[in-house]
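*Asks:* coords please:
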Amino acid sequence: TGNPKVVIKTNKGDIQLELFRDKAPVTVENFMKYVNNGHYKGTIFHRVIDNFMIQGGDPDSRGAAPSMRLGMGGPGYTIPAEILPQFIHTKGMLAAARRPDAVNPDKQSSGSQFYIVHGAPVNPQMLEMFNNQRAGKFTYTAEQMAEYAATKGTPNLDGDYTIFGQMIDGFEVLDAIAAMQVDRANRPLRSEEHT
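*Replies:* Model (predicted):
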């Protein structure tokens, strides 16, 4: 009952997450199914961009050769978007990855891939710019603007992806993974970074 908590174990340390079961029930149920059946064991954070996010959940990443292109793997289905305006992409937020709008106009989420926001500093002018661009679709509250002022984030993703949880511990691990050396496809050069 309540919001489940999960731990992602990596060789950099543990990341603990709380999932928003009451706000994104379909996404959380799907994610928990894969947590409980061991789907994520041995996978890696295959896309790591410092000051942006770390992405995992691609089953093809399990034991993948260093040259193998990753990011397209999954269970072969998508799930409906559960995008809520109260959730924004501040550091440590957990969200479902998805394919681009051009091939996914309903913003449906990946069946298994997810990302955790690392983020960069956000200033009020940036948020005002996004408010103007999204006029009538999404507007930041004073509280959300204060949240961004107090931490880092990726506001360009707000209103476009399903956020379904947040980190509650392990921020130093997130920082360590985000700082890893990566190749041109943003895959860590040391592939033993498993979730």
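*Asks:* Determine the longest helix present in the chain.
*Replies:* helix 25-36 (DSSP state H).
*Asks:* what's the next secondary structure element after that helix?
*Replies:* For helix 25-36, the following helix or strand on the C-terminal side (DSSP states H and E) is strand 47-49.
*Asks:* you'd agree residue 165 is in a helix?
*Replies:* No: assigned with DSSP: H, G, I helix; E, B strand; the rest coil, residue 165 falls outside any helix and is strand.
*Asks:* what's near enough to touch residue 189?
*Replies:* 66, 180-183 (CB atoms under 8 Å, 6 or more residues apart in numbering). Bear in mind the C-beta positions are built from the backbone N, C-alpha and C, glycine included.
*Asks:* Give me the neighbour count for residue 98.
*Replies:* If you count neighbours by other CB atoms under 10 Å, residue 98 ends up with 20.
*Asks:* out of everything not next to it in sequence, what's closest to it?
*Replies:* Nearest in space to residue 98, with sequence neighbours left out and distances taken as CB to CB, 6 or more residues apart in numbering, is residue 109 at 5.1 Å.
*Asks:* OK, contacts around the one you found?
*Replies:* Contacts of residue 109 (CB under 8 Å, 6+ apart): 27, 78-82, 96-98, 161-162.
*Asks:* Kindly recompute the last result at 6 Å.
*Replies:* By CB atoms under 6 Å, 6 or more residues apart in numbering, residue 109 lies in contact with 79, 96, 98, 162.
*Asks:* Which ones among those map onto strands?
*Replies:* 79, 96 (DSSP state E).
*Asks:* ok now the helix-or-strand element of the chain with minimal mean pLDDT, how far from the chain's centre?
*Replies:* Among the helical and strand segments of the chain, the one scoring lowest on mean pLDDT, DSSP states H and E is helix 124-133, with a mean of 90. Between the centre of helix 124-133 and the centre of its chain there are 22 Å (CA atoms, centre = their mean, to the nearest Å).
*Asks:* With stretch 172-184 instead?
*Replies:* The chain centre lies 14 Å from the centre of stretch 172-184; the measure is CA atoms, centre = their mean.
*Asks:* Likewise for stretch 34-41?
*Replies:* Distance, stretch centre to chain centre, for stretch 34-41: 17 Å (CA atoms, centre = their mean).
*Asks:* can you give me the mean pLDDT across that stretch?
*Replies:* Mean pLDDT, computed over stretch 34-41, is 94.
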